[in-house]
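Visitor: sequence unknown, structure follows:
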């Protein structure tokens, strides 16, 4: 079966991030490139963090998705440079995060005078900007744990980097 590039990208939309299942891997921005050489499909991915534990699962899910569609010659490669950035996330992906209850990465709109103060993070539940950093690490290393001071709900923030 000779693969078509657009078909492969469409199939990758069905591969979800195991840590944030509302995001496809293209939404997350970790698929850097898809190359086709005759019947070989190479999917090049970049981890959100070096050592990200989800990458092995994502690699396996890519292979399974393509195998289930009849593609047999598959290679998943890792590209570490340039390092992944939240700038690679799609706007659709950021919206999905918000709807899921995770504050999406946002531009550093508010800069505080002191170096160690937090940037303003919007609560994904009530849209309040009255939030407080509880921990630099949330449910995964790529998220920080915040609490809204208005609705009192804790929430993850997908950290910019």
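Guide: Now that the structure is in, tell me what you want to look at. Computed from a predicted structure; not experimentally measured.

Visitor: Sketch out the low-pLDDT regions of this protein for me.
Guide: 1-3, 107-118, 161 (pLDDT under 70).

Visitor: domains of it?
Guide: Split into domains by automatic domain parsing, the chain comes to 5-88, 101-158.

Visitor: what's the residue nearest to the spatial centre of the chain in contact with, if anything?
Guide: Against the mean C-alpha coordinate of the chain, by C-alpha atoms, centre = their mean, the closest residue is residue 28 at 3.2 Å. Taking C-beta atoms under 8 Å, 6 or more residues apart in numbering, we find residue 28 in contact with 17, 20, 48, 88-89, 93. The way it works is simple: take the backbone N, C-alpha and C, and place the C-beta from them, glycine included.

Visitor: try 7 Å this time
Guide: By C-beta atoms under 7 Å, 6 or more residues apart in numbering, the residues touching residue 28 are 17, 89, 93.

Visitor: Can you list phi and psi of the second one for me?
Guide: Main-chain dihedrals, residue 89, degrees, to the nearest 10: phi -70, psi 150.

Visitor: That one: neighbour count?
Guide: Neighbours of residue 89 under the rule other C-beta atoms under 10 Å: 23.

Visitor: Was I right to think residue 92 contacts residue 27?
Guide: Yes. Contact criterion C-beta atoms under 7 Å: residue 92 and residue 27 qualify, at 6.0 Å.

Visitor: Looking at those two, which is more packed in?
Guide: Set side by side, residue 92 and residue 27 show more neighbours around residue 27, with 23 against 12, by other C-beta under 10 Å.

Visitor: in which helix or strand would I find the closest residue in space to the more buried one that isn't next to it in sequence?
Guide: Take residue 27 and drop its neighbours on the chain: the residue closest to it by C-beta to C-beta, 6 or more residues apart in numbering is residue 93, 3.2 Å away. Secondary-structure element containing residue 93, defined by DSSP states H and E: helix 91-100.

Visitor: Next, the buried residues of the helix or strand that that helix is followed by.
Guide: Once the chain leaves helix 91-100, the next helix or strand it forms, by DSSP H and E, is strand 131-135. Of all the residues in strand 131-135, those buried under the rule 16 or more other C-beta atoms under 10 Å are residue 131.
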